[in-house]
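A.B. asks: heads up, no residue letters with this:
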């Protein structure tokens, strides 16, 4: 059985494991106050052109999301997001458990628009009973989205403008950030992201590390006391250096983008194969997730050797599914899957 | 200026004021442990045929909703409701502030269906990653809804069945319950409501009292320690007898239904007038709220003498608005408004 | 049975009932946006010399406390209070339910000192692991305290100074404020309170109204969006004018202080009687609550005609109990209780 | 600089690192649903004689504590704990952030007694206004405590009895469980713990792993839907197998107890040295933490080569500090520290 169902089926990139092993018996301060974390912070600030940013390392994405949002909002404020946003659908109500409503905008590919944000804020402002409604204060986007779509530079510029004009915080969930930046049609740079968002996180779990996400806060309003929140929400790793070491390896050279590009190139090959074999897609994208629509009968066949994830029923005989590649995907597994795709039944 | 914008523009029904005055200097125990409250509980149990029910008096509707829902749900559980539900739209995220997600179903008139509930629960059960999603556990309905619609006996039977089969709690927000029961097309009895719901509240604020809602809990699972929750959420009135006295007056004779019928009959007259004058309605209903669609130019005219509430824009020249009647509406005000409706411009 | 167990056994002062009756059928806007509320706000601002203050009316004390605290604090911040503070002991964890820890200081009479506050804040600052601890950000005091003690002007000045020097909010719970201001040994003026606190509330429930507390916010940092919080926490009364009307009656003349003085003078007489009869007190104070220590055998006797509240066991044969007077206490009841106190057994 | 300040200064035990490396590129299911986790669960159930227990792996202790407590309590319920309990003092209010009050009992060494629990519950039951108070429902103990003390079998039997008689949940935080079980004066077996507690966690972070705590739930009431809570609170590790692998290594042979005994034997040597050198202790214990009281002048000297943690000031010239050993402490470092202790100044 070969797993294409997600991008976190293996451990960490070998260079990371090696570094963890090398440093294993060294003694450091705990809770992210060690030199490895400090070094990783510098590397990230430098790569993203955000010398003044605060950088914090957390273990996972749900944790990062809930900590960032809980730290930023007052009790009556909510976060705007797409109807398919991870925080809205797949984090067991973690944001609501911190007291905040998610104001969901309809979306097919997981992207939301500056217009949706503007309309929401405007409607709130002019409503006579706006004190009876949750105040929209933050915008959550994922890039790539849960469906693999990415924001263009122009789109992010517009979102950022509408946020700044309306005193909203723009937060980007970058669980798969590398795979977005490596996409053929990407127009965003790391610097753009740091410049246009108030806070974002760089995903490690799905891009080479054992675990870990780097939260980068560029807006000074969001910086004070963030570490208190990390601790309160259970996200302060005692051996914090494990996070620092891993991000240091990812960013001291270009490992992060290198492995992201590798994963995306394999996804491109798979995507092309599905296309040539005549299968349509639920949504189009150029990142490491592919959402082809196949006959259920073909899926039954594929399931015998490959694991993929079920997305949604299309009609009585077809379903959309998800195949992911990652830094760890083997070329030979892609080759054999491609053969399988083209096989006649 | 005559107010038709809502059903809580005046104080309380004169009989209630009289009783409050009569009892004003008597000494009683606090926090709802007085004889008036006890007497009112008995009356309600008897009227609703729910001898085993727990009855609690709270000051307002948002308070009742958040207390009931917080008492019933574990942290990972959510409440299903219509997309226009008061708890979803007009209570400033009070449910989320207690930690719970609202799972919203599309709805025009504020009603939801047994099928919507079933599909939601079924989808949750079969989803492989349901532990990553909020568990649907309660159904919130309002009767009448925020848009004046009511559930038929058959509809409520179906909702109740799907809830019991799936171990869901059915909760009815009866902020305007009297106006629903008094509607011409109503098929529900008080006993039906107590039999089919696990918990519901009988609205007083909009139906004759200064303030106050009576929460009735019929499902024994929801009874334990409810008073702790009332206190914690700030809803335990020190002079609780004020609530008991008011509900006693409403239910010792048929005052509750009498004043509700009065309000509905005035609404019927207004509704008929709008209809005859050729105005369509945003939604149809037979309760105390009317949602006609009028030319903006006519609304400007009406606004000079009457207050009503703005509902939504229909097109460039028309808007839907809301007119309410209540136990306190004066017949002569309805007469003159009707004249105004038929006036030629 | 005559009730001395608390100060909320009756309804409202007759002048309040009269005004509620007079205004009962008038139509007003809801949610505290009516003219009565506006007028009451002006009166309070003027009496307290706080022309810039925001004034909000809430139904009860627990509600006021939790709303003020939830509005003021970020998630990692806590509120300092005495170990016998109402929010710590008798509000069913309402503050924790909003996510905040209460940092309790030992206290016998319910007062805390500027030194306790300073030491707490200082200890937090110098602790290397302060990010692992709740950040002290607000000071909650009650005046009079739960045990009837009051702060002198000098004490409040000191508390206020330590708060301002350390960027802490000073919040006074004035559930029985009138009875404190009317005490023989009181040195605080209404203006002092407004000047020295960042936010406080003026109790109505225990001082003449049916219900209602007036939250006064003088610190501009605490003003934004407070009404959203009121709504979210279930404290926004639909017929808000009921609160405005009651506070208008209390403050348009000197009714608030007049009835407070009356209650305190009756308490003084009772206190003197207990003293002369040779009974010690759990704590000394000059407000409307008296905490004498009596033999259990005497308490059994008194219990037949008078209700009072049990405070704590002193030794095998003695207990401390509480007697309260209020604006509604009858002189003849005090007379007869005094006779009873002096009776030989 | 040699670190004795805590027991989490290094990475993981070499056998764990080796296994992580061996399994690194294997593909598994995520979120703890892999075979390694399943195997580790079996080992733990077997070692603790708890065949019916649910076992869940979480990343850290604060996360484990808040998830267990949030899963167990209704909103009005609180958790009893010592005044020095980690959840009360050093987790930034994480329990309150989940809505629950901690009811703190005075304690010097971190232990609480069955009598304290009984008295608290009894006082709550008989208090007439118990609905105004947080309902005690869970008992949190740490073993060893934050100050290194351990519960005897008899003490835990008594605590367990009082809990079962009063329908309270008994929860043991075993962040340093191995070091407690390895103590010379320990009388508790793993089976006793599983039998007497309703839920407990076996600490990995401080006892050999990179990170990770194994929550063991023996009381069936606490089992339902626990994984939803893990996800909601941000504790569901995507690559859950990392936790399973680590606990498998710890428990497939006796590694857990072996390394715990090693650490304790080094602590015993240090303890003896401090004693012989004439230094008293803040608290006595036989586990891996030592709390000697030293002259500040000596501490200044020691600080040049050794890191230890500051505990509290004793008088103007003396302070209590903490030295920890762990599985990773080197014998030669202990030798040289002992020499330093005996050095004349």
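C.D. replies: Okay, I see it. Keep in mind that this is a model prediction, so the values were computed, not measured.
A.B. asks: buried residues in the longest helix along chain A?
C.D. replies: What stands out as the longest helix in chain A, according to DSSP state H, is helix A:255-276. Neighbour-count burial for helix A:255-276, counted by 16 or more other C-beta atoms under 10 Å in any protein chain shown, picks out A:255-257, A:259-264, A:266-268, A:270-271, A:273-274. All C-beta spots, glycine's among them, are computed from the backbone N, C-alpha and C.
A.B. asks: and which of these is nearest to residue D:228?
C.D. replies: Distance to residue D:228, by C-beta to C-beta, is smallest for residue A:263 among the buried residues of helix A:255-276, at 30.7 Å.
A.B. asks: Let me see the contact set for that closest one.
C.D. replies: A:7, A:178, A:179, A:182, A:288, A:325, A:326, A:327, A:329 (C-beta atoms under 8 Å, 6 or more residues apart in numbering or on different chains).
A.B. asks: Next, count neighbours for the first one.
C.D. replies: A count of nearby residues for residue A:7, using other C-beta atoms under 10 Å in any protein chain shown, gives 26.
A.B. asks: was I right about it contacting residue A:309?
C.D. replies: No: the pair residue A:7 and residue A:309 fails to qualify as a contact (C-beta atoms under 8 Å) at a distance of 10.8 Å.
A.B. asks: what residues are shared contacts of those two?
C.D. replies: Joint contacts of residue A:7 and residue A:309 (C-beta under 8 Å, 6+ apart) are residue A:324.
A.B. asks: Could you pull out the buried residues of stretch A:208-226?
C.D. replies: A:208-219, A:222, A:225-226.
A.B. asks: pLDDT of it, averaged?
C.D. replies: Mean pLDDT, stretch A:208-226: 98.
A.B. asks: Run the contact check for it versus chain D.
C.D. replies: Yes: using C-beta under 8 Å from any C-beta of the partner chain, stretch A:208-226 reaches chain D at A:210, A:211.
A.B. asks: Nearest to chain D among the buried residues of helix A:255-276?
C.D. replies: residue A:259 (13.7 Å; C-beta to the nearest C-beta).
A.B. asks: check contacts around that closest one.
C.D. replies: A:13, A:178, A:207, A:208, A:327.
A.B. asks: per-residue confidence at it?
C.D. replies: pLDDT recorded at residue A:259 is 98.
A.B. asks: and if you look at residue A:32?
C.D. replies: 97.
A.B. asks: correct me, but it touches residue A:238?
C.D. replies: No: using C-beta under 8 Å, residue A:32 is not in contact with residue A:238; the gap is 9.6 Å.
A.B. asks: Who has more neighbours out of these two?
C.D. replies: Shown here are residue A:32 and residue A:238; by other C-beta under 10 Å, residue A:32 has more neighbours (26 against 22).
A.B. asks: ok, how many other residues are close to the closest residue to that one other than its chain neighbours?
C.D. replies: Excluding the flanking residues, the one nearest residue A:32 by C-beta to C-beta, 6 or more residues apart in numbering or on different chains is residue A:240, at 3.4 Å. For residue A:240, the neighbour count with other C-beta under 10 Å is 26.
A.B. asks: just residue A:102 next, same as before
C.D. replies: Counted with other C-beta under 10 Å, residues neighbouring residue A:102 total 26.
A.B. asks: so what's it up against?
C.D. replies: Per C-beta under 8 Å, 6+ apart, neighbours of residue A:102: A:78, A:79, A:80, A:81, A:85, A:87, A:88, A:95, A:96, A:140, B:101.
A.B. asks: Just confirm the fourth one is within a strand.
C.D. replies: Yes: if the criterion is DSSP: H, G, I helix; E, B strand; the rest coil, then residue A:81 is within a strand.
A.B. asks: Spatially nearest residue to the residue in the stretch 51-200 of chain A positioned nearest to chain C (excluding sequence neighbours)?
C.D. replies: Closest residue of the stretch 51-200 of chain A to chain C, C-beta to the nearest C-beta: residue A:76 (3.7 Å). Distances taken as C-beta to C-beta, 6+ apart place residue C:228 nearest to residue A:76, at 3.7 Å, with adjacent residues excluded.
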